[in-house]
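1. Let me see the structure of the following:
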Amino acid sequence: MRHNKKFNHLGRKAAHRGAMLSNMACSLILHKRITTTVAKAKALRIYVEPILTRAKEDSTANRRLVFAELKQKEAVKELFGVVAEKIANRPGGYTRILKTGFRLGDAAKMCIIELVDFNENMLKAAPKAAKKATRRSSKKAAPAKEEAAAAE
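-> Model (predicted):
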């Protein structure tokens, strides 16, 4: 029976799934953005967010725990160096999933998963254009009221 086993198994055995998520997490940390399927991205988000939270406090214990998950020295160094200082003030929600359409071969739903603080295009707030002043005067409503009063 599979009571209370709600995470997506992604059609893989536990060892394969763990290795895949570890590799995807390392790629996400090193490249800041990867393209994958929506199902894998959602599973990766659940996997990588606690790792990113742990990286906010740089201690030997946290480095060892993160290395046990990622198993790549370069990714751990990047995580505790560049990534940790950017996400230091963020209380959570370190990743963003942007859906991109369907894959040609098998029509799988594709997306881009990225670290939120590293997308320079979305960080730059678009210059807010001056709000166009719309007049809501009673000039248009006044003739309607007068016509209604004349009709009575």
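
2. mind listing what's buried in stretch 83-102?
-> Of the residues in stretch 83-102, 83-84, 87, 94-96 count as buried by neighbour count, 16 or more other C-beta atoms under 10 Å. The C-beta positions use only the backbone N, C-alpha and C, and glycine is treated the same way.

3. same deal with stretch 22-29?
-> Buried residues in stretch 22-29 (16+ other C-beta under 10 Å): 22, 24-29.

4. so how far is residue 80 from residue 60?
-> 11 Å (C-beta to C-beta, to the nearest Å).

5. more crowded one of those two?
-> Legend: neighbour count by other C-beta atoms under 10 Å for residue 60 and residue 80, higher for residue 80 (20 against 7).

6. Look up phi and psi at the more buried one.
-> Dihedral angles of residue 80 (phi, psi; degrees, to the nearest 10) stand at phi -80, psi -10.

7. That one reaches residue 58, doesn't it?
-> Yes: judged on C-beta atoms under 8 Å, residue 80 makes contact with residue 58 at a distance of 5.3 Å.

8. what helix or strand is the residue sitting nearest the centre point of the chain on?
-> Centroid check for the chain by C-alpha atoms, centre = their mean gives residue 96 as the closest residue, at 1.1 Å. Assessed by DSSP states H and E, residue 96 sits inside strand 95-102.

9. I'd like the average pLDDT over that strand.
-> The average pLDDT within strand 95-102 is 97.

10. Alpha carbons of it, in CSV - could you do that?
-> Written as CSV, here are the backbone C-alpha positions of strand 95-102 (Å, rounded to 0.1, in the frame of the first residue of the first chain):
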residue,chain,number,x,y,z
THR,A,95,12.9,29.2,-7.4
ARG,A,96,10.5,30.2,-10.2
ILE,A,97,9.0,27.9,-12.8
LEU,A,98,8.2,29.5,-16.2
LYS,A,99,6.2,27.2,-18.5
THR,A,100,7.4,27.3,-22.1
GLY,A,101,5.1,25.0,-24.0
PHE,A,102,5.4,21.4,-25.2
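
11. any idea how far it is from the chain center?
-> 9 Å (C-alpha atoms, centre = their mean, to the nearest Å).

12. I'm done for today, thanks for sticking with me.
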